[in-house]
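**Student:** Below: sequence and its predicted model.
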Amino acid sequence: MSSGPGADSAPAPTTHNSPPAPDPAGTGRKLSMFSSLRIRNYRLFFMGQVVSNIGTWMQRIAQDWLVLSLTGSSTAVGVTTALQFLPMLLFGLYGGVLVDRLRKRPTLLVTQVAMALTAIALAVLTLSGHVQVWHVYLAAFAVGLATVVDNPARQSFVSELVGPGQLQNAVSLNSANFQSARLVGPAVAGLMITGVGTGYAFLANGLSFVAPIAGLLLMRARELHLVQRAPRAKGQLREGLHYVAGRPDLIWTIVLVGFIGTFGFNFPVYLSAFANDVFRAGAGSYSLFNTLMAIGSLVGALLAARRGTTRMRVLIAAAVAFGTMELVAATVPSLWLFALLMAPIGMFGMTVNVTANTSIQMTTDPAMRGRVMALYMMVFLGGSPVGAPIAGWITDAYGVRAGLAVGGAIAAAAAVTIGLVLARVGNLRLSVGWNHGHPRVTFVPREREELAAVA
C-alpha cells in the first residue's frame, strides 16, 4: 500500500464484480448533482479545470481557424487534429503504464507546465507574425505528447480526490465542467479572432494553466484516497491488455467509443467547413456551432451526474441517436436549423462519453485503472489521426455534407452492431412491447422469455 499521510484513507480495491455504491453513507438516497464538490481537494481541482478548459477551447478554435486561414484546406485542419492525437495512438498504452507507477499529483504538475509553455510559444510566433503551418503542426504534436500522460493521470486522479462512492458524480461533473468551458471558450475565441487576432487566444490559454497548477499545489495530501501503485516490472502493458480482453463489458465499450471517436467526433473538420464553405458565415458561425453543441453537451453531462448508476442500454441508445442526428444535420439546408441540431448532437455525444467513462472507471480494479483508462483514451482520442484526415479528404473531395453523413452512419451502425453483440454475450434478446400506451424496446434475459412462454 501507499505510505504517507493519506494511506489510512485509501479505499479498498474494488473489482468488476463489486462496483462501488453511489451512496457512500448507506442512506439509500440518490446523490445530489453537485455532491462531490463538498470535498475540498476535488473543489480545487474542479475550479482549476474550469479556467484551464476555457483556455483550451479558445486555443482549439483559434488553432483550427489559423490553419484554415494559412492553407485554405480542410485536409490541413484534419492533419492538425491528427497530429495532436497521434501520440495517444502511438504511446497511449505506455502512458497508462507510467501513470499506474507514478504519483498522480506531481505527474500532473509536469504535464500542465509543459502544455502551458507550448501555448505561450505558439502565441509568440503568431503575435510576431512569423507563424507558419508547420509551427502549428509541431505545437499540436507537442501537446499530444503531454496528453499521453496527462489524460490517464487526470482521469484516474479523480478517484483519489473523491473516493469510490463519489466517483461517478465527480466524473460527470468533470464532463460538465469541460462543456461549460466550451460555452465560454469558443465565444471568447470568436471575439478575439475577429478583434485582435488568434495569437492572443493562444496567450490566454498559456496563462490559464496557472489555475490548475495552483489548485494542485494547494491540495491537502492527507485527504487524498491513495491507491496502491504498480511496482516497476516487466509485462505490465501485456497484463493490462489481458485484463481488458477478459472483460466483455470493457472491451466492447472501448470498441464502440473507438468507432464514434474515429468517425463521429471530427467536428473541427466538419464545423469549420460548414461555417466557411457551406454557409459562408465566417468565424462567428463556427463559434456559434461549437457553443450550441456545448449547451447540449452540458445538459447531457448534468443529467449523467444525477444518475446513480450507468447502464449499457443508455450507452447504446445514445450512440444510435448521436449517429442519427449527424445524418439529419448533414442534409439540412438552413444555417439556423443546422445550428439548432448541434445541441442534441452534443447531448447524445456527451451521454456516450460520460456513460462509457464512468462505467469503465467504476468497474476497473484501482491498480489497473491507469492502463485501462489509457487504452480507453487511446482508442477514443487516438482514432482522430485515422478519422480526421479521412473526414478532411471526404470533405474536400465530395463536400462536407457527405463527410458528416458518412461519420454519422458509421457511428449509428457500430452502436447497433455492438448492442446486438453485447446482448448475445449477456444471453439477452430484444423485447418490443407497450408500456402505459407508449412503445417499449428493451433487452431481457432469454430465460425470462422462455419461462413466460412456458407459463
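**Tutor:** In hand now; what should we look at? What you see is a predicted model; the values in this text were computed from it and never measured.
**Student:** where are the low-confidence patches of this structure?
**Tutor:** Along the chain, the model assigns pLDDT under 70 to residues 1-31, 179, 182, 227-235, 307-310, 381-382, 384-385, 426-455.
**Student:** State which helix of it is the longest.
**Tutor:** helix 40-71 (DSSP state H).
**Student:** and the nearest residue in space to residue 250 that is not next to it in sequence, which of the three is it?
**Tutor:** Excluding the flanking residues, the one nearest residue 250 by Cβ to Cβ, 6 or more residues apart in numbering is residue 244, at 5.1 Å. No exception for glycine: its C-beta is placed from N, CA and C like everyone else's. Look at residue 244: counting by DSSP: H, G, I helix; E, B strand; the rest coil, its state is helix.
**Student:** Now for residue 244, how many residues are close by?
**Tutor:** Residue 244 is flanked by 19 other residues according to other Cβ atoms under 10 Å.
**Student:** Ok, residue 388 next?
**Tutor:** Neighbour tally, residue 388, other Cβ under 10 Å: 28.
**Student:** Distance check, it against residue 262.
**Tutor:** 9 Å (Cβ to Cβ, to the nearest Å).
**Student:** just to revisit the earlier point, can you give the distance from the longest helix of the chain to the centre of its chain?
**Tutor:** Relative to the chain's own centre, helix 40-71 is displaced by 14 Å; criterion: Cα atoms, centre = their mean, to the nearest Å.
**Student:** Also stretch 163-174?
**Tutor:** On Cα atoms, centre = their mean, the centre of stretch 163-174 falls 15 Å from the chain's centre.
**Student:** what's the helix or strand for residue 280?
**Tutor:** For residue 280, there is no enclosing helix or strand under DSSP states H and E.
**Student:** now swap in the one 4 residues further on and tell me
**Tutor:** Here residue 284 sits within helix 283-306, counting by DSSP H and E.
**Student:** Just give the number of residues close to the spatially closest residue to residue 312 that is not a sequence neighbour.
**Tutor:** Of all residues not flanking residue 312 in the chain, residue 422 sits nearest, at 6.2 Å (Cβ to Cβ, 6+ apart). Neighbour count for residue 422, taken as other Cβ under 10 Å: 20.
**Student:** when you give positions from now on, start the count at 29
**Tutor:** All right, first residue 29 from here; so that's residue 450.
**Student:** and residue 450, what does it touch?
**Tutor:** 276, 277, 280, 340, 344, 456 (Cβ atoms under 8 Å, 6 or more residues apart in numbering).
**Student:** if I look at the fifth one, how far off is residue 181?
**Tutor:** Pointing back at residue 344 there. Look at residue 344 and residue 181: by Cβ to Cβ, they are 29 Å apart.
**Student:** So for the two, which sits in the more crowded spot?
**Tutor:** residue 181 (27 against 23).
**Student:** Wasn't that one part of a helix?
**Tutor:** Yes - using three-state DSSP, the assignment for residue 181 is a helix.
**Student:** and the spatially most central residue of the chain, what does it touch?
**Tutor:** Closest residue to the average C-alpha location of the chain: residue 381 at 5.7 Å, with Cα atoms, centre = their mean. Residues in contact with residue 381 (Cβ under 8 Å, 6+ apart) are 203, 285, 408.
**Student:** Now, those that are in helices?
**Tutor:** 203, 285, 408.
**Student:** What is the burial count for the second one?
**Tutor:** For residue 285, the count of nearby residues is 27 (other Cβ under 10 Å).
**Student:** can you tell me how far it sits from residue 293?
**Tutor:** 9 Å.
**Student:** same check, this time on residue 143
**Tutor:** Residue 143 is 21 Å from residue 293, by Cβ to Cβ.
**Student:** so residue 388 makes contact with residue 278?
**Tutor:** Yes - the criterion here is Cβ atoms under 8 Å, and residue 388 meets it with residue 278 at 6.1 Å.
**Student:** quick one: common contacting residues for the two?
**Tutor:** Contacts common to residue 388 and residue 278, judged by Cβ under 8 Å, 6+ apart, are residue 400.
**Student:** coming back round to it: out of the contacts of residue 450, which is most surrounded?
**Tutor:** Of all these, the highest neighbour tally under other Cβ under 10 Å goes to residue 344, namely 23 neighbours.
**Student:** For it, which non-adjacent residue is closest in space?
**Tutor:** residue 447 is the one closest to residue 344 (Cβ to Cβ, 6+ apart), at 4.0 Å.
**Student:** what's the one you found sitting at in phi/psi?
**Tutor:** Note on residue 447: backbone dihedrals following degrees, to the nearest 10 are phi -60, psi -40.
**Student:** what's the neighbour count on it?
**Tutor:** Neighbour number of residue 447 under other Cβ under 10 Å is 22.
**Student:** same deal with residue 439?
**Tutor:** There are 29 residues near residue 439, going by other Cβ under 10 Å.
**Student:** No more questions from me, cheers.
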